[in-house]
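Engineer: Sequence below, structure please.
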Amino acid sequence: QVQLVESGGGLVQAGDSLRLSCVASGRTISTYGMGWFRQAPGRDREFVAAMTWSGGSTEYEASVKGRFTISRDNAKNTVYLQMNSLKPDDTAVYYCAATRLRNFVTAIYLYDYWGQGTQVTVSS
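Structural biologist: I've put the predicted structure just below:
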């Protein structure tokens, strides 16, 4: 069993940056594909970014490509989401997720473990 805890969210202004962290416990995530998702009020949860178990390959949702960067530190059992040039449309609860699949995965239903989420609010 893997427990995931996100942190780093907050209230920022448009154009600012935030770095989200996701610390895993229970077992190592070094063999897991990892992803970040977000859910805005009244909307479905959507894919944001994902990476392979090794960190060698990544995938991003089109609207965040070039602004967000997913990374991992397997020694710290931690995954990060660096978010730059934030926009009001980025406002959402951000969730970290882990999949037993080693590839990067964009489909929500393929993830096995989820964190509780961290709120990101971007004001204009």
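
Engineer: and the nearest residue to residue 71 once chain neighbours are set aside, what helix or strand is that in?
Structural biologist: Excluding its sequence neighbours, the residue lying closest to residue 71 (C-beta to C-beta, 6 or more residues apart in numbering) is residue 80, at 4.9 Å. Glycine gets a C-beta too; all of them are placed from N, C-alpha and C. Remark: residue 80 resides in strand 78-83, with elements defined by DSSP states H and E.

Engineer: Now do the same contact list for the residue nearest the centre of the chain.
Structural biologist: The centre of the chain sits closest to residue 36, judged by C-alpha atoms, centre = their mean, with a distance of 2.4 Å. Residues near residue 36 by C-beta atoms under 8 Å, 6 or more residues apart in numbering: 20, 22, 48, 49, 50, 70, 79, 81, 94, 95, 96, 97.

Engineer: Show the subsequent helix or strand relative to the helix or strand hosting it.
Structural biologist: Following DSSP H and E, one finds residue 36 within strand 33-39. Counting by DSSP H and E, the element after strand 33-39 in chain order, helix or strand, is strand 46-51.

Engineer: Paired strands for that following strand, with orientation please.
Structural biologist: strand 33-39 (antiparallel), strand 58-60 (antiparallel) (DSSP bridges).

Engineer: Need the winner for burial among the ones you listed.
Structural biologist: Of the strands paired with strand 46-51, the one with the most neighbours on average (mean count of other C-beta atoms under 10 Å) is strand 33-39, at a mean of 24.

Engineer: Report the rounded mean pLDDT for it.
Structural biologist: Here strand 33-39 scores 97 as its mean pLDDT.

Engineer: now the angle between strand 78-83 and that strand, please.
Structural biologist: Inter-element angle recorded for strand 33-39 and strand 78-83: 50 degrees (by axes from the mean of the first three to the mean of the last three C-alpha atoms, to 10 degrees).
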